[in-house]
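S.K.: I'd like to go over a predicted model; first the sequence, then the structure.
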Amino acid sequence: MATYFSMTLNCLVLKSRRYLLYNSCNGILHIVKVRMSSNAAASMSAWQINRYGGIEELTLSTTTRAATIKNPNELLVRVHASSINPIDIRMMGGYGKALINVLRQQKGVTQSGTEFPLILGRDFSGTVVETGRNVTKFKVGDEVWGAIGAERPGTHAKYTVVSQSEISKKPLNISHIEAASMPYVAATSWAALCTVGELTERKAVGKRVLIFGGSGGIGTFSIQLLSSWGMDVTATCSTDAIDLVRSLGANSVVDYKVKPIWNELKHQKRFDYILDTLGGEYTTNGVKLLSPWQNSKLITLVTPLLKNSDTLGLIPGMLKSAVTAGIDSIKGLKSGGSVRWAFFLPNGAAMEKVKQMVEAEQIKPVVQETIPFSKVPDGFRTVSNGHLRGKIVIDNLKDS
Ligand SMILES: NC(=O)C1=CN([C@@H]2O[C@H](COP(=O)(O)OP(=O)(O)OC[C@H]3O[C@@H](n4cnc5c(N)ncnc54)[C@H](OP(=O)(O)O)[C@@H]3O)[C@@H](O)[C@H]2O)C=CC1
C-alpha cells in the first residue's frame with residue numbers, strides 16, 4: 001500500500017501510487033489514477049556553481065531544490081547518464097549569460113532574479129518518472145534521451161525536467177552511458193546541417209562535404225551521419241585521430257598538425273558543404289574552398305553572438321553580430337556560395353531520426369571515458385584539456 005497519505009479538503013492522495021481518493025457531492029467515494037506533480041523528494045543531488053569561474057566553483061550539493069514540472073508539456077526524468085560538452089566549461093565561466101538570462105526570465109526558469117545555483121549539463125539519457133498533463137508521446141517508465149535548452153537547469157543532476165519536444169525514446173540497442181554521449185552533439189549537428197544548411201538525405205547523396213574538427217564531438221557525429229547519407233566526407237584532425245576519423249566513415253583526412261592544411265585543400269575538388277567547428281581562419285579560408293556552382297554553403301558553429309552580448313550588452317551585442325553576419329554573407333556570395341551561422345537547438349524529432357539510425361547501426365556512440373557522478377570535476381578537467389577521442393560521460397547512477 002501507499003507509504004503515506006496527505007489530506008487536502010475532502011481528498012485523500014496516496015502519494016507513492018498517485019491515486020486520488022475523493023468524496024463526491026453525492027457521498028460516493030471514487031478512486032482515480034492521476035498524473036500529478038508530486039515530487040515526493042524536496043531535494044536532490046546535483047553538481048552546481050554558485051558563481052561564475054573555473055572548475056573549483058563546481059560543488060556537489062545534496063540539497064538542491066528538486067526538479068519540478070512547471071509546464072503541462074514537461075516531463076520529469078531520472079537521469080542515468082549525461083555528457084560533458086565544451087559548452088558546459090564555457091557556461092561555467094559565464095559565457096552567454098546575457099542572452100541566456102533573458103531566456104531564463106522569459107520562460108520563468110529564474111524567479112529569484114539570479115541564475116544561481118546553476119546546474120550545468122545539456123544532455124542526458126534516462127527514465128521518465130512523471131509526466132505533465134499535456135504530455136502525449138511519453139509515459140512513466142519510458143527510456144528517453146535528449147538535449148535541453150541552455151535556459152533550463154542542467155542534467156548533471158539526479159533528475160531533470162525536459163519538454164516533450166526536446167526528447168525521443170532512447171535507442172534500444174545501446175546503454176544509457178553510450179546514449180548520453182550523443183544528444184547535444186547530435187542536436188547541434190542537425191541544427192547546423194539540416195535546419196540551417198537545409199541538407200536532407202536525398203540532397204546529400206554524392207555531394208562533397210568538408211568538416212573542420214572531424215575528431216571532436218560534433219565532427220565524430222557529423223562524419224557518421226553524412227557518410228551514411230552517401231556524402232564524400234573530408235575531415236581535419238590531429239595525427240593521432242586519423243584512424244578514428246577514418247573508421248567513422250571519412251573518405252579523406254587532412255592532418256592539421258603536420259603542415260598547414262590550406263595548400264592541400266585548395267588543390268582538391270571544391271566542396272558543396274563545409275561544417276566549421278573551429279572559426280577564425282577556418283571560416284575565412286574555408287569560404288574559398290566552396291564550389292561556386294551549386295548553392296554551396298559554409299555553416300559555422302563558431303559565432304560571436306553570445307560573446308558580443310556578454311561584453312557589449314544585449315542589444316549592441318546583437319547589432320554588432322548582425323553586422324558581422326552580413327560581412328560573412330558577402331564573403332560567401334563572392335565565393336559563389338553562402339556563409340551561415342548555426343546554433344544548438346533542442347530537437348526531439350531529430351533525436352527520433354538519430355535513434356533509428358543508431359538502431360540500424362549507421363551511427364555509433366564514441367565514448368572516451370565514463371566517470372562516476374562523484375568525479376564530475378575530473379571530467380570537466382579532461383574536457384577543458386581538449387583533443388578528446390570520444391565523449392566524457394557521467395554515470396549519474398554511480399557515486400564512486
Ligand atoms: N553555436 C553553437 O550552438 C555550438 C557551437 N559549438 C562550437 O563547436 C566547437 C566544437 O565542439 P565539439 O566538437 O563538441 O568540441 P571538441 O572539443 O569535442 O572538439 C574540438 C575539435 O577541434 C579540433 N582542434 C582543437 N584545436 C585545434 C587547432 N589548434 N587547430 C585545428 N583543430 C583543432 C580538435 O582536433 P584534435 O583533437 O584532433 O586536435 C577537435 O576536432 C565548440 O568549441 C564550439 O565553439 C559546439 C556546440 C554548439
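M.R.: Received it, and whenever you're ready, just let me know what you need.

S.K.: what does the stretch 51-200 of the chain put close to the ligand?
M.R.: 85, 86, 87, 185, 188 (CB under 6 Å from any ligand atom). C-beta: built from backbone N, CA, C; applies to glycine.

S.K.: can we see that at 8 Å?
M.R.: Proximity of the stretch 51-200 of the chain to the ligand, by CB under 8 Å from any ligand atom, involves residues 85, 86, 87, 90, 184, 185, 188, 191, 192.

S.K.: now these: which count as buried?
M.R.: For those, a burial check counting by 16 or more other CB atoms under 10 Å picks out 85, 86, 87, 184, 185, 188, 191, 192.

S.K.: if I read this right, the third one contacts residue 123, doesn't it?
M.R.: No - counting by CB atoms under 8 Å, residue 87 stays clear of residue 123, with 10.1 Å between them.

S.K.: which residues are common contacts for the two?
M.R.: By CB atoms under 8 Å, 6 or more residues apart in numbering, residue 87 and residue 123 have these common neighbours: residue 184.

S.K.: Can you pull out the low-pLDDT segments for the stretch 251-400 of the chain?
M.R.: Applying pLDDT under 70 to the stretch 251-400 of the chain flags residues 333.

S.K.: where along it do the strands fall?
M.R.: With DSSP state E, counting those that start in this stretch as the criterion, the stretch 251-400 of the chain has strands at 252-255, 273-276, 297-300, 338-341, 367-372, 391-395.

S.K.: For the closest residue to residue 224 other than its chain neighbours, give its distance to the ligand.
M.R.: Once flanking residues are discounted, residue 224 sits nearest to residue 363: 4.5 Å by CB to CB, 6 or more residues apart in numbering. From residue 363 across to the ligand, the span is 15 Å (CB to the nearest ligand atom, to the nearest Å).

S.K.: count of residues packed around residue 363?
M.R.: By other CB atoms under 10 Å, 24 other residues sit near residue 363.

S.K.: Surely it is in contact with residue 223?
M.R.: No - counting by CB under 8 Å, residue 363 stays clear of residue 223, with 9.7 Å between them.

S.K.: ok, and the closest non-adjacent residue to the one residue in the stretch 201-350 of the chain that gets nearest to the ligand?
M.R.: Scanning the stretch 201-350 of the chain for the residue nearest the ligand gives residue 216, at 2.1 Å (criterion: CB to the nearest ligand atom). Closest residue to residue 216 apart from its sequence neighbours, by CB to CB, 6+ apart: residue 277 at 5.9 Å.
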